[in-house]
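K.L.:
Model the structure of this input:
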Amino acid sequence: MEKRSFIALNIAVLTVSDTRTEETDTSGQLLADALTRAGHTLADKKIVNDNIYQVRAAVSNWIAAADIHAVITTGGTGLTAEDGTPEAIRPLMDKEIEGFGELFRSISYEQIQTSSLQSRCLAGIANGTFIFCLPGSNNACKTAWEELIKAQLDHRTAPCNLAMLLPRVK
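P.N.:
Numbering: from 1, shown residues only. As a prediction, the model looks like this:
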């Protein structure tokens, strides 16, 4: 089997919250730190209110940009009336990766038991950009990055990974 090289991706992070600021955005910062530690580039980082149109606008700009390979959102995936990230993002996706949410909830079940069913996290691809929508807790972001996203955005992961499917990365 041929040995693949690491390819650094440009990844944007969006925190969806009506209360977080740059000083209090621990989950967004956790993701930014984790992806840079893994060798990727933090292409952009923003905080927007939990409003489907603000979320959609921010993510739309990133998926339209040729130099953004992936977007990770944190927050807005719960069941309250204010949580609208899935409704904002799903219409933008060309394809949804159904297994991501299923696998995340399965892994989360080991940590938070039946509370994991309240997560509406999802992933997909839009215009050749992968999108991962995560809950807003630090633990959920750490779990999703360490257990799922990190390996799938690493071109070296065998037998296959999402990074090797990116049309703009060679």
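
K.L.:
so what does the lowest-mean-pLDDT helix or strand in the chain touch, helix or strand wise?
P.N.:
Of all helical and strand segments in the chain, the minimum by mean pLDDT, DSSP states H and E falls on helix 98-112, at a mean of 82. Contact partners of helix 98-112 among helices and strands, from 3 or more C-beta pairs under 8 Å, 6 or more residues apart in numbering; DSSP states H and E: strand 122-126, helix 138-144. Backbone N, C-alpha and C define where each C-beta goes, glycine included.

K.L.:
chain center to the last one: distance?
P.N.:
Taking the mean of its C-alpha atoms, helix 138-144 sits 11 Å from the chain's own mean (C-alpha atoms, centre = their mean, to the nearest Å).

K.L.:
Buried ones in that helix, by neighbour count?
P.N.:
Residues 140-141, 143-144 are the ones in helix 138-144 that count as buried (16 or more other C-beta atoms under 10 Å).

K.L.:
how much space is there between Gln152 and Asn49?
P.N.:
Distance from Gln152 to Asn49, counting by C-beta to C-beta, to the nearest Å: 29 Å.

K.L.:
excluding its backbone neighbours, what's nearest Phe104?
P.N.:
Cys121 (5.2 Å; C-beta to C-beta, 6 or more residues apart in numbering).

K.L.:
Neighbours of that neighbour, how many?
P.N.:
The burial count assigned to Cys121 is 25, neighbours taken as other C-beta atoms under 10 Å.

K.L.:
Which members of the buried residues of helix 138-144 are the farthest-apart pair?
P.N.:
Checking those against each other with C-beta to C-beta, the farthest-apart pair comes out as Cys141 and Thr143, at 7.3 Å.

K.L.:
What about the nearest residue to Pro86 once chain neighbours are set aside, how many residues nearby?
P.N.:
The spatially closest residue to Pro86, leaving aside those adjacent along the chain, is Arg120, at 4.9 Å (C-beta to C-beta, 6+ apart). Here the neighbour count serves as a burial measure; for Arg120 (other C-beta under 10 Å) it reads 18.
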